[in-house]
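Student: Take a look and give me a structure for this.
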Amino acid sequence: MKKKRVIVSACLLGENCRYDGKTKKQPFIQERFSEYEIIPFCPEAPIFGTPRARIDVVRVGQKVRIIQDKSGEDVTQRLQEEIEAFIQQHPHVDKIVLKSKSPSCGNGTTPIVNKEGKQLALGDGIAAHLFKQHYDVMIEDELAL
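Tutor: Numbering: from 1, shown residues only. Just a heads-up that it's a prediction; the model follows:
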(Lines give C-alpha, C1' and ligand atoms only; values in the text may rest on other atoms or scores of the structure.)
Protein backbone atom coordinates (compact mmCIF):
# COMPACT_ATOMS: atom_id res chain seq x y z
CA MET A 1 0.00 0.00 0.00
CA LYS A 2 1.38 3.41 -1.01
CA LYS A 3 1.84 6.08 1.60
CA LYS A 4 -0.09 9.29 1.24
CA ARG A 5 2.10 12.22 0.19
CA VAL A 6 2.21 15.70 1.68
CA ILE A 7 4.16 18.72 0.43
CA VAL A 8 5.42 20.82 3.36
CA SER A 9 7.30 24.12 3.29
CA ALA A 10 10.88 23.13 4.10
CA CYS A 11 11.31 25.89 6.71
CA LEU A 12 8.47 24.31 8.73
CA LEU A 13 10.42 21.04 8.75
CA GLY A 14 13.51 22.69 10.22
CA GLU A 15 15.52 23.48 7.10
CA ASN A 16 17.43 26.75 7.39
CA CYS A 17 16.17 27.95 4.03
CA ARG A 18 14.44 31.24 4.85
CA TYR A 19 15.74 34.49 3.38
CA ASP A 20 17.47 35.25 6.72
CA GLY A 21 19.07 31.80 6.92
CA LYS A 22 16.77 30.72 9.72
CA THR A 23 14.00 28.19 10.10
CA LYS A 24 10.40 28.24 11.29
CA LYS A 25 10.43 24.63 12.48
CA GLN A 26 7.12 23.32 13.75
CA PRO A 27 7.85 19.90 15.34
CA PHE A 28 4.17 18.94 15.43
CA ILE A 29 4.06 18.82 11.62
CA GLN A 30 6.39 15.83 11.30
CA GLU A 31 4.49 14.11 14.08
CA ARG A 32 1.11 14.88 12.53
CA PHE A 33 2.19 13.53 9.13
CA SER A 34 4.23 10.55 10.35
CA GLU A 35 2.07 8.24 8.23
CA TYR A 36 2.77 10.31 5.09
CA GLU A 37 5.68 10.62 2.76
CA ILE A 38 6.76 14.19 3.51
CA ILE A 39 8.04 16.16 0.51
CA PRO A 40 9.99 19.28 1.58
CA PHE A 41 9.45 22.35 -0.60
CA CYS A 42 11.22 25.70 -0.91
CA PRO A 43 11.30 27.38 -4.32
CA GLU A 44 13.49 30.32 -3.27
CA ALA A 45 16.58 28.61 -1.80
CA PRO A 46 17.59 26.65 -4.96
CA ILE A 47 17.48 29.83 -7.06
CA PHE A 48 18.73 32.56 -4.74
CA GLY A 49 20.61 30.66 -2.02
CA THR A 50 20.41 31.23 1.72
CA PRO A 51 20.59 33.85 3.11
CA ARG A 52 19.22 36.05 0.33
CA ALA A 53 17.45 39.32 -0.38
CA ARG A 54 13.81 39.47 0.70
CA ILE A 55 11.10 39.33 -1.92
CA ASP A 56 7.63 40.84 -1.96
CA VAL A 57 4.41 40.22 -3.83
CA VAL A 58 3.87 43.53 -5.61
CA ARG A 59 0.84 44.71 -7.56
CA VAL A 60 2.07 46.33 -10.75
CA GLY A 61 -0.91 47.63 -12.71
CA GLN A 62 -3.32 44.71 -12.97
CA LYS A 63 -0.61 42.06 -12.42
CA VAL A 64 1.00 40.64 -9.32
CA ARG A 65 4.78 40.23 -9.56
CA ILE A 66 7.49 38.91 -7.25
CA ILE A 67 10.09 41.63 -6.73
CA GLN A 68 13.38 41.53 -4.79
CA ASP A 69 13.41 44.26 -2.14
CA LYS A 70 16.90 45.68 -2.56
CA SER A 71 17.52 45.31 -6.29
CA GLY A 72 13.95 45.79 -7.50
CA GLU A 73 14.49 42.81 -9.83
CA ASP A 74 11.36 41.01 -11.02
CA VAL A 75 11.98 37.32 -10.22
CA THR A 76 8.47 36.07 -11.00
CA GLN A 77 9.47 34.00 -14.04
CA ARG A 78 12.39 32.30 -12.28
CA LEU A 79 10.22 31.30 -9.33
CA GLN A 80 7.38 30.16 -11.57
CA GLU A 81 9.75 27.89 -13.53
CA GLU A 82 11.18 26.42 -10.30
CA ILE A 83 7.70 25.73 -8.91
CA GLU A 84 6.41 24.23 -12.16
CA ALA A 85 9.46 21.91 -12.31
CA PHE A 86 8.67 20.81 -8.73
CA ILE A 87 5.04 20.14 -9.68
CA GLN A 88 6.18 18.00 -12.63
CA GLN A 89 8.41 15.97 -10.28
CA HIS A 90 5.53 15.50 -7.82
CA PRO A 91 2.32 15.29 -9.88
CA HIS A 92 0.30 13.41 -7.24
CA VAL A 93 -0.01 14.54 -3.64
CA ASP A 94 -2.70 14.19 -1.01
CA LYS A 95 -2.18 17.37 1.00
CA ILE A 96 -0.12 20.57 1.07
CA VAL A 97 1.07 22.52 4.14
CA LEU A 98 2.67 25.88 3.40
CA LYS A 99 4.29 28.66 5.46
CA SER A 100 1.84 31.44 6.24
CA LYS A 101 2.60 35.01 5.13
CA SER A 102 5.42 33.88 2.82
CA PRO A 103 5.72 35.60 -0.59
CA SER A 104 6.21 32.13 -2.04
CA CYS A 105 4.00 29.96 0.12
CA GLY A 106 1.39 32.08 1.87
CA ASN A 107 -2.14 30.80 1.34
CA GLY A 108 -4.36 33.85 1.55
CA THR A 109 -2.06 35.38 4.20
CA THR A 110 0.65 36.98 2.06
CA PRO A 111 0.81 40.78 2.05
CA ILE A 112 0.27 42.18 -1.44
CA VAL A 113 2.00 45.56 -1.60
CA ASN A 114 2.32 48.43 -4.05
CA LYS A 115 5.63 49.68 -5.46
CA GLU A 116 6.12 51.84 -2.38
CA GLY A 117 5.71 48.83 -0.07
CA LYS A 118 2.29 49.79 1.27
CA GLN A 119 0.08 46.77 1.93
CA LEU A 120 -2.94 46.68 -0.34
CA ALA A 121 -4.42 43.31 0.55
CA LEU A 122 -3.72 39.75 1.63
CA GLY A 123 -3.46 37.04 -1.01
CA ASP A 124 -1.52 34.00 -2.15
CA GLY A 125 2.19 33.61 -2.59
CA ILE A 126 3.32 32.45 -6.03
CA ALA A 127 3.62 28.77 -5.06
CA ALA A 128 0.23 28.67 -3.37
CA HIS A 129 -1.26 30.26 -6.48
CA LEU A 130 0.35 27.72 -8.84
CA PHE A 131 -0.40 24.77 -6.56
CA LYS A 132 -4.09 25.70 -6.61
CA GLN A 133 -4.00 25.56 -10.41
CA HIS A 134 -2.30 22.14 -10.53
CA TYR A 135 -3.45 20.19 -7.47
CA ASP A 136 -6.98 19.39 -6.39
CA VAL A 137 -6.13 18.93 -2.70
CA MET A 138 -6.50 20.85 0.52
CA ILE A 139 -3.86 23.51 1.04
CA GLU A 140 -3.34 24.71 4.61
CA ASP A 141 -0.72 26.64 6.50
CA GLU A 142 0.88 25.84 9.85
CA LEU A 143 -1.59 28.12 11.63
CA ALA A 144 -4.60 26.12 10.44
CA LEU A 145 -3.33 22.70 11.54
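Student: need the contact list for residue 105.
Tutor: Residues near residue 105 by CB atoms under 8 Å, 6 or more residues apart in numbering: 9, 41, 98-99, 125, 127-128, 141. For glycine as for every other residue, the C-beta is placed from the backbone atoms N, C-alpha and C.
Student: and the nearest residue to it once chain neighbours are set aside, bridged to which residues?
Tutor: Nearest non-adjacent residue to residue 105, counting by CB to CB, 6 or more residues apart in numbering: residue 98, 3.8 Å away. Applying DSSP bridges to residue 98 gives these bridge partners: residue 141.
Student: any idea which of the contacts of residue 105 is closest to residue 79?
Tutor: Within these, proximity to residue 79 (CB to CB) peaks at residue 127, which comes in at 7.7 Å.
Student: Hmm, that closest one is touching residue 83, no?
Tutor: Yes. Residue 127 is in contact with residue 83 according to CB atoms under 8 Å; the separation is 5.1 Å.
Student: neighbour-wise, which of these two wins?
Tutor: Higher neighbour count among residue 127 and residue 83: residue 127, with 30 against 22, using other CB atoms under 10 Å.
Student: and the more buried one, what element?
Tutor: Residue 127 belongs to helix 126-134 when assigned by DSSP states H and E.
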